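> quick one: sequence plus predicted model below, questions after.
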Amino acid sequence: MSSAVTIMSRLKQSQLFKDSFWALVGSAIGKGLSLIAGIVVARLLGSEAYGEYGTIKNTLLMIAIFSSMGLGYSATKFIAENLSANNLQRIIQTHRIATRITLVVSGVISILVLVASNIIAIWLEAPHLSPALRISAIAVIFNALNTTQTGELAGFGAYRKLAINNTWTGIFTFISSLILTYYNGFYGAIIALTISLIFNAILNQRTIRSYLKQITPPCNIDRVYSKEIIKFSLPIALQESLYAITNWLSIYILIKFANYTELGLYSAAIQWMAVVLFIPGALRNVALSHFSSVNNDCTQTDKILKRLMLVNFISTFVPFIVICIMSGWIESVYGVSFNGLQEVLNICVFTAIISSLTNVLTQEFISQGQNWFLFISRLIRDITILILLCCAVSTYSGGALLCATISLFGQSLYLFLLLIKYHHIRNVQQNSIP
């Protein structure tokens, strides 16, 4: 009993535990409501229309990830470091630079999507989706802005306030998706997606202002500091664009060699994979902010790494077992048009375990500035996935199952490369100690 009390006392005094707790609360509520909303939308639309909805959503959100230029991660790192050094001017400089670049880049990409909507729809072999692309092009701007804002708030350690924002956004997403999809079908779901992102950006911006209002802003933006942030962000932006391109091409391969039904199955399974990853996803910014604040202390870095690796493994393995047991029932909940979902679902949620471990290592490497290594590793992973997927789907049936299996292999390869690099870095550091 006394040992349990001692452990709880230590946890309460741990800033990592406090930050993790609030990050998890917000993510659990927000993603839980989004999952329920996704199931409702899937039942209302059916597998084919839901596949089209997933195509629009994935296309726009992947574009938005690139349009944030990796500034979510950069904002977390630079704000956490400057907060630790009490350099307030640098903090507001980071906010201004990150926000301006995000708005400019995402704005340009949004206009391109709007102008090229017909071309994109034809490329997706669904010309009738062109109006939906035009309606939701604005989602590119606000999803990119949300990514940068979340990074900034993580740098401030504002996880409790992020949890509150995520909770309200989850509630808003659920209500708007339910009402608009019920009355307006496919286009209602697209509109609900867009206005939910706008709602989230407004909440985040209000929270950021509450942190910055006490700081006297500098007269001008430091150009040297701007170049430093851009230089750090560039390889991250390339990584994010690579992720976006790979997901986009995977969707295209499924559409080209399979059909929208297979894409609907894969989209539904990926949604559950995202649920399994909600704890690692919520802790991603927590990990980066804590790694950045102790970047020169190898002992503390190793402690944080081991704790987060253990937490991520347990937090994904347990729901993996539960979902596997319930996978048959989950398939039935989606309806008869989702036959075959069970096998795809089981593989995707197992992949989440591997992905959760890579998340921790990725944040540690970003804090060390190993961004180019991460880009090369992801390039190897994604090229491998696309080559195998293209060969397999064009030869065999069951596109969703093949896509899930190949993604599992790609994530395992990525984890292997990260572990080799991590052990190499630690060996070099140990040998350099006199």
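Ah, there it is. Please read these numbers as outputs of a predicted model, since none were measured by experiment.
> any idea how far residue 318 is from residue 325?
11 Å (CB to CB, to the nearest Å). All C-beta atoms are positioned from the backbone trio N, CA, C, and that covers glycine.
> oh sorry, the question was meant for residue 237
Distance from residue 237 to residue 325, by CB to CB: 40 Å.
> repeat that for residue 420.
Going from residue 420 to residue 325 by CB to CB gives 35 Å.
> so how far is the one helix or strand residue 79 maps to off the chain centroid?
Assessed by DSSP states H and E, residue 79 sits inside helix 71-84. Mean C-alpha position of helix 71-84 versus that of the full chain (CA atoms, centre = their mean, to the nearest Å) differs by 18 Å.
> list the helices and strands that helix packs on?
Applying 3 or more CB pairs under 8 Å, 6 or more residues apart in numbering; DSSP states H and E, we find helix 71-84 packed against helix 88-115, helix 138-156, helix 223-257, helix 278-293, helix 341-367.
> I'd like the mean pLDDT over the first one, please.
Looking at helix 88-115 alone, the average pLDDT works out to 87.
> residues making contact with the helix or strand just after it?
Remark: after helix 88-115, the chain's next helix or strand is helix 117-123, criterion DSSP H and E. Helix 117-123 is contacted from outside by 59, 113, 127, 128, 129, 130, 131, 133, 134, 137, 252, using CB atoms under 8 Å, 6 or more residues apart in numbering.
> next, the angle helix 88-115 makes with the helix or strand residue 192 falls within.
Assigned by DSSP H and E, residue 192 falls within helix 159-212. Inter-element angle recorded for helix 159-212 and helix 88-115: 110 degrees (by axes from the mean of the first three to the mean of the last three CA atoms, to 10 degrees).
> give the other helices and strands that helix 159-212 contacts.
Under the contact criterion of 3+ CB pairs under 8 Å, 6+ apart, helix 159-212 touches helix 15-67, helix 88-115, helix 130-136, helix 138-156.
> show me where pLDDT drops low in the chain?
1-28, 31, 47, 60-66, 124-125, 215-220, 294-297, 429-434 (pLDDT under 70).
> distance of the residue most central in space within it from residue 415?
Nearest to the mean C-alpha position of the chain, by CA atoms, centre = their mean, lies residue 281 at 6.7 Å. Residue 281 sits 17 Å away from residue 415, taking CB to CB as the criterion.
> residue 258 now?
Relative to residue 415, residue 258 is positioned 27 Å away (CB to CB).
> with residue 285 instead?
Going from residue 285 to residue 415 by CB to CB gives 20 Å.
> neighbour count winner among these two?
Using other CB atoms under 10 Å, the more surrounded residue of residue 285 and residue 415 is residue 285, with 26 against 19.
> list the buried residues for stretch 29-43?
By neighbour count on 16 or more other CB atoms under 10 Å, the buried set for stretch 29-43 is 29, 30, 31, 33, 34, 35, 37, 38, 39, 40, 41, 42.
> distance of the fifth one from residue 286?
Put plainly, it is residue 34. Using CB to CB, residue 34 is found at 20 Å from residue 286.
> could the contacts of helix 117-123 go into JSON lines alongside distance to residue 291?
Output for the contacts of helix 117-123, formatted as JSON lines (distance: CB to CB, whole Å):
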{"residue": "59", "distance to residue 291": "32"}
{"residue": "113", "distance to residue 291": "34"}
{"residue": "127", "distance to residue 291": "47"}
{"residue": "128", "distance to residue 291": "46"}
{"residue": "129", "distance to residue 291": "41"}
{"residue": "130", "distance to residue 291": "44"}
{"residue": "131", "distance to residue 291": "44"}
{"residue": "133", "distance to residue 291": "38"}
{"residue": "134", "distance to residue 291": "41"}
{"residue": "137", "distance to residue 291": "35"}
{"residue": "252", "distance to residue 291": "36"}
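> I'd like the residues you listed as CSV, with neighbour count and distance to residue 425 appended.
Shown next, in CSV, are the contacts of helix 117-123 (neighbours: other CB atoms under 10 Å; distance: CB to CB, whole Å):
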residue, neighbour count, distance to residue 425
59, 24, 37
113, 22, 40
127, 10, 50
128, 9, 51
129, 22, 46
130, 17, 48
131, 13, 50
133, 23, 43
134, 16, 47
137, 21, 42
252, 17, 37
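> which one of those is nearest to residue 184?
Nearest to residue 184 among these: residue 131, at 12.6 Å, using CB to CB.
> I'd say residue 173 and residue 36 touch.
No. Residue 173 lies out of contact with residue 36 (CB atoms under 8 Å); the separation is 9.7 Å.
> so which helix or strand takes in residue 383?
Residue 383 is part of helix 371-393 when elements are defined by DSSP H and E.
> that helix versus helix 71-84: what angle between them?
Using the same axes, to 10 degrees: helix 371-393 against helix 71-84 is 150 degrees.
> between helix 223-257 and helix 371-393, find me the angle.
Going by the same axes, to 10 degrees, helix 371-393 is angled at 10 degrees with respect to helix 223-257.
> run the chain-centre distance for the helix or strand following helix 371-393.
Where DSSP H and E defines the elements, the next helix or strand beyond helix 371-393 is helix 399-432. From the chain centre to the centre of helix 399-432 is a distance of 18 Å (CA atoms, centre = their mean).
> buried set for helix 399-432?
By 16+ other CB under 10 Å, the buried positions in helix 399-432 come out as 399-408, 410-411, 413-415, 417-418, 421, 425.
> now do it: which elements does it pack against?
Against helix 399-432 (3+ CB pairs under 8 Å, 6+ apart) you get helix 223-257, helix 260-276, helix 341-367, helix 371-393.
> so which strand or helix has the closest residue to residue 341 other than its chain neighbours?
Counting by CB to CB, 6 or more residues apart in numbering, the nearest residue to residue 341 once its immediate chain neighbours are dropped is residue 331, at 4.3 Å. Assessed by DSSP H and E, residue 331 sits inside helix 298-334.
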